[in-house]
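A.B. asks: mind looking at a prediction? Sequence and model below.
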Amino acid sequence: MREHVIVSSTTDSETTARELAAQAVEARLGACAQIVGPILSVYRWDGEVHAEPEWRVEIKTAADRVAPLVELIKEQHNYEVPEIIATPIEGGSAEYLEWLVEETRGG
């Protein structure tokens, strides 16, 4: 996995999305997070197709923080099986990526 990662999840409300984002940043498991929504998610669950509004949380982090961040999301999430996807960041501003790593370390 690359050194820098975006971890994404979706939630059923803006409030829950804000809470997940704040918990990740407060715990220094993410440098920052954006919330996108509402979006419409279409998915199959328990044999039925659903279409529901959701909010996406995108958390920028260092690769060595992904595993504990995934655990935090699982523990705090209200879904039985939350979406949690880690996407490597292939490049970008060196200064921003340096800041990203610094913010996931102790103060």
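C.D. replies: Thanks, I have it.
A.B. asks: so where is the chain shaky, pLDDT-wise?
C.D. replies: For the chain, applying pLDDT under 70 flags the ranges 1-2, 107.
A.B. asks: quick one: the helices in it, in order.
C.D. replies: Per DSSP state H, the chain carries helices over the ranges 14-26, 66-76, 94-103.
A.B. asks: how about the longest one: buried residues?
C.D. replies: Within helix 14-26, the residues that qualify as buried by neighbour count (16 or more other Cβ atoms under 10 Å) are 16-17, 19-21, 23-25. C-betas here are computed from N, CA, C, even on glycine.
A.B. asks: can you check the second one too?
C.D. replies: Within helix 66-76, the residues that qualify as buried are 66, 69-70, 72-73, counting by 16+ other Cβ under 10 Å.
A.B. asks: equivalent analysis for the shortest one, please.
C.D. replies: Neighbour counts over helix 94-103 (16+ other Cβ under 10 Å) mark 97, 100-101, 103 as buried.
A.B. asks: go on, stretch 76-96?
C.D. replies: Residues 77, 79, 83-84, 86, 89 are the ones in stretch 76-96 that count as buried (16+ other Cβ under 10 Å).
A.B. asks: now, which of those sits nearest Leu40?
C.D. replies: Closest to Leu40 out of those is Glu83 (14.2 Å), distances taken as Cβ to Cβ.
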